[in-house]
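Student: Structure, please.
(chains A and B)
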Amino acid sequence: MTTVDLTQSSVRELNQALHDLPNDATGSWEINGAKGEHAIAVGIDAPIDVAVNGHAGYYCAGMNKHANITINGNAGVGVAENMMSGRVHVKGNASQSAGATSHGGLLVIDGDAAARCGISMKGSNIVVKGSVGHMSCFMGQAGCLVVCGDAGDALGDSMYEVHIYVKGTVKSLGADVVEKEMRSEHIEELGNLLSEAGVDDDPSNFKRYGSARNLYNFHIDNATL
Amino acid sequence: MCGIVGLYLKNPSLHNEIGKLFAPMMVAMTNRGPDSAGFAVYGDEVSEGVKLTLQHETADYPWHELQAELETTYGGNVKLEVHSTAAVLKINANEEAIRSYIQINHPEVSVMSVGQSIEILKGMGLPVDVIARFGLEGMKGSHIIGHTRMATESAVTTEGSHPFTTGMDLCLAHNGSLSNHNRLREELKREGVKFNTLNDSEVAAGYLAWRLKEGDTLKEALESSLDVLDGFYTFVVGTKNGFAVIRDPIACKPAVMAETDDYVAFASEYHALADLPGIENAKLWEPEPATVYTWGG
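Tutor: I've put the predicted structure just below:
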């Protein structure tokens, strides 16, 4: 176990030490004194375990590859943004743009996520045990967004192929978003995600939303080669 | 960018420590606003007349001569307290009369605030330097609002620093930018609101001052501003007894709040709240878009 106290050393030193690890490194890191510092544990490329104790600032666990990162507190704007793989678990609430543009991996948020959760997500899975704010999954391209609470205005606006599952109410759907049938493959996909995230719930309690594929980009006549 | 911080004390026994609690909050927002900084502190209320905060670009301005002149003109005692380039004067006079007297007879002096409780102190430079210049750490009061500026739409000057005021005991700090401020400024001028700069945030302060003068409560004035102001904004607003927060309908600019039995605190980033006493057990939340939050009057 490697312990780092951010009241004693800088975030830059911490991230450099994490980047210096070989790609097959294992082991655990404990990061104390987060106190809202930005860019904690960003750009890791090794299958290590990291615990961040305290509330994190912006972009915590951004660009993560392979690591299993737990934030024992709230996370600021853009937690796990552009994550490639691995797992990021926020024990508290997350601010806006959680998991923005993330390509892979699993982001679990125990509390609520604010606006624009999963904006432009590109293949990751995001499970929010609470509710999400407005414009969540805006322009979402691939992956799954699971919301166990409620969703705010304009859910999935201008989205592409993300599977959105919401258990509670949706304040309003975004442009070109419709409710879709929960087929057996969706029940299975959602069941697996809920169990991976540690949520004990029946997938049949959720509704699925997705793109009606009517916007400009979905018309073959508008394709440019 | 820009950073905003605010602290409203619910527990009066902390009034003596407001400056000490607030100074680190300002410094924590340096990365969001290194160009200029300022704060509006509410306390040391005058029961009669008004309290003025005046500023001159030099630290050796003859404030005592101005004090003597005002005593002759208005009669009675004028109390004077000097903080670097700023002076706080307590005078038994009417708000509009004293404001225009200073503007006509002493155009070299800027009127930063007028009210019974408010003092606005602001200037160019890093937050750590501005707060040291004005002695923030030793200040007392019930609530305080601060701003660190990264200038975008108007020049880096003392006048263009926040917080802004255009009415008695009113102040507003803004993170964001307004897109319809030019037209709104002209409309408000026709209603008699006076402006000192071309800054967009001053227009928002002017709008609120006008609505309050027309009889709106602070909550009503802020709710109507959602329809009138176009652009991106998180505002923190102070009045003599009140403290309010509002974000634009898409919540473009960041905001986080903390509340305990002792205080309500606001910051652009959690970082600025991290050293407040009892923050570990405070209720922490992000204000909802297009929702008015108020405390006090």
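Student: which residues does B:Leu89 contact?
Tutor: Neighbour list for B:Leu89: B:Lys51, B:Leu52, B:Leu54, B:Leu66, B:Gln67, B:Leu70, B:Val78, B:Lys79, B:Leu80, B:Glu81 [criterion: CB atoms under 8 Å, 6 or more residues apart in numbering or on different chains]. Quick note: C-beta positions are derived from backbone N, CA and C, even for glycine.
Student: who wins for most neighbours among those residues?
Tutor: Each of the contacts of B:Leu89 was scored by neighbour count (other CB atoms under 10 Å in any protein chain shown); the top score is that of B:Leu52, with 25 neighbours.
Student: For that residue, report the pLDDT, please.
Tutor: Per-residue pLDDT puts B:Leu52 at 94.
Student: Kindly confirm my reading that it is in a strand.
Tutor: Yes. The assignment for B:Leu52, made by DSSP: H, G, I helix; E, B strand; the rest coil, places it in a strand.
Student: give me the beta-bridge partners of it?
Tutor: Applying DSSP bridges to B:Leu52 yields these beta-bridge partners: B:Leu89, B:Val114.
Student: Residue 120: neighbour count?
Tutor: This is for chain A. Neighbours around A:Ser120, by other CB under 10 Å: 21.
Student: hmm, I had chain B in mind actually
Tutor: Residues near B:Ile120, counting by other CB under 10 Å: 25.
Student: secondary structure class for it?
Tutor: Quick answer, by three-state DSSP: B:Ile120 is strand.
Student: In terms of pLDDT, where does whichever residue of chain A sits closest to chain B sit?
Tutor: Distances between chain A and chain B by CB to the nearest CB are smallest at A:Gly36, namely 3.5 Å. In the predicted model, A:Gly36 carries a pLDDT score of 94.
Student: Strands - which of the contacts of B:Leu89 land there?
Tutor: B:Lys51, B:Leu52, B:Leu54, B:Lys79, B:Leu80, B:Glu81 (DSSP state E).
Student: Dump those residues to a markdown table, plus distance to A:Val52.
Tutor: What follows is those, written out as a markdown table (distance: CB to CB, whole Å):
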| residue | distance to A:Val52 |
| --- | --- |
| B:Lys51 | 46 |
| B:Leu52 | 48 |
| B:Leu54 | 48 |
| B:Lys79 | 51 |
| B:Leu80 | 51 |
| B:Glu81 | 46 |
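Student: So which of the residues you listed is the closest to B:Glu17?
Tutor: B:Glu81 (19.6 Å; CB to CB).
Student: quick one: B:Gly125 and chain A, what's the gap?
Tutor: 23 Å (CB to the nearest CB, to the nearest Å).
Student: is it true that that residue touches B:Gly33?
Tutor: No. In this structure, B:Gly125 is not within contact of B:Gly33 by CB atoms under 8 Å, at 11.0 Å.
Student: More neighbours: which of those two?
Tutor: B:Gly33 (25 against 17).
Student: Please tell me I have it right and that one contacts B:Pro127.
Tutor: Yes. Using CB under 8 Å, B:Gly33 is in contact with B:Pro127, at 7.1 Å.
Student: For B:Glu159, give me the pLDDT.
Tutor: So, for B:Glu159, pLDDT stands at 81.
Student: show me the contacts for the residue nearest to it when sequence neighbours are not counted.
Tutor: The spatially closest residue to B:Glu159, leaving aside those adjacent along the chain, is B:Thr197, at 5.3 Å (CB to CB, 6 or more residues apart in numbering or on different chains). When the contact criterion is CB under 8 Å, 6+ apart, the partners of B:Thr197 are B:Ser154, B:Glu159, B:Gly160.
Student: Likewise for B:Ile98?
Tutor: B:Val50, B:Leu52, B:Tyr74, B:Ile91, B:Val114.
Student: Longest helix of chain A, counting residues only.
Tutor: helix A:184-196 (DSSP state H).
Student: helices and strands around it, which ones?
Tutor: If you count contacts as 3 or more CB pairs under 8 Å, 6 or more residues apart in numbering or on different chains; DSSP states H and E, helix A:184-196 packs onto strand A:122-128, strand A:142-147, strand A:163-166.
Student: Just put these in CSV and tack on mean pLDDT and distance to chain B.
Tutor: What follows is those, written out as CSV (pLDDT from 0 to 100; distance: least, CB to the nearest CB, whole Å):
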stretch, mean pLDDT, distance to chain B
strand A:122-128, 98, 15
strand A:142-147, 98, 17
strand A:163-166, 98, 19
